[in-house]
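[1] no letters, just coordinates:
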């Protein structure tokens with residue numbers, strides 16, 4: 001393609017603006033999604049009343065508080081390898097020891113803050129780095145992506161718990177406000 005045709009094409013694509021090279025597109029998407037689910041999950045944990053932290057929609061599932069603790073535990077379990085670290089606590093330390101809302105919300109915030117460092121350091125290049133996990137190895141991207149979908153999965157669980165208690169989940173608050181106008 002000749003230079004003038006390429007320039008016309010670029011002007012058309014950018015609306016006459018400058019075409020900037022974009023870097024870290026994959027890691028930027030993962031970081032954005034992580035921050036969204038992190039913020040929703042924390043707000044959900046804060047929103048559920050203390051009295052309902054023991055609520056279970058069915059006897060064979062985790063209580064709301066146990067869901068919060070499980071997600072907090074796995075921030076360490078899944079982000080430690082991506083940070084080149086090993087969690088020193090038991091795999092289910094938080095779920096096994098905490099049950100009160102104030103303790104769980106604080107533990108959840110600390111766990112997400114720990115994980116923030118792994119996501120903040122992620123680039124498209126470092127995403128391909130191999131890290132140890134259990135008896136095997138995975139890429140940093142695989143570990144952080146696993147953490148991302150796992151947290152979304154359990155956010156879906158807590159959404160149901162909130163709805164069953166008549167509460168609007170954080171991810172639906174904006175929609176509810178728009179409908180009320």
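    Sure thing, it's come through. Since we're looking at a predicted model, the values are computed, not measured.
[2] what helix or strand is the residue most central in space within the chain on?
    The centroid of the chain falls nearest to residue 34 when counting by C-alpha atoms, centre = their mean (3.5 Å). Secondary-structure assignment from DSSP states H and E places residue 34 in helix 25-47.
[3] for the following helix or strand past that helix, the distance to its chain's centre please.
    Next in sequence after helix 25-47, counting helices and strands by DSSP H and E, comes helix 64-82. Put simply, helix 64-82 sits 10 Å off its chain's centre (C-alpha atoms, centre = their mean, to the nearest Å).
[4] kindly report the same for stretch 79-96.
    Its chain's average C-alpha position is 16 Å from that of stretch 79-96, according to C-alpha atoms, centre = their mean.
[5] doesn't residue 138 lie inside a helix?
    No - with DSSP: H, G, I helix; E, B strand; the rest coil as the criterion, residue 138 is strand rather than part of a helix.
[6] doesn't residue 130 make contact with it?
    Yes - here residue 138 reaches residue 130: they are 7.3 Å apart, a contact under C-beta atoms under 8 Å. Where you see a C-beta, it was placed from the backbone N, CA and C, and this is true even at glycine.
[7] comparing these two, which residue is more hemmed in?
    residue 138 (19 against 10; other C-beta atoms under 10 Å).
[8] what's the closest non-adjacent residue to that one?
    residue 131 (6.3 Å; C-beta to C-beta, 6 or more residues apart in numbering).
[9] helix, strand, or coil at the one you found?
    Of the three states, residue 131 takes strand under three-state DSSP.
[10] and for it, the neighbour number?
    If we define neighbours as other C-beta under 10 Å, then residue 131 has 18 of them.
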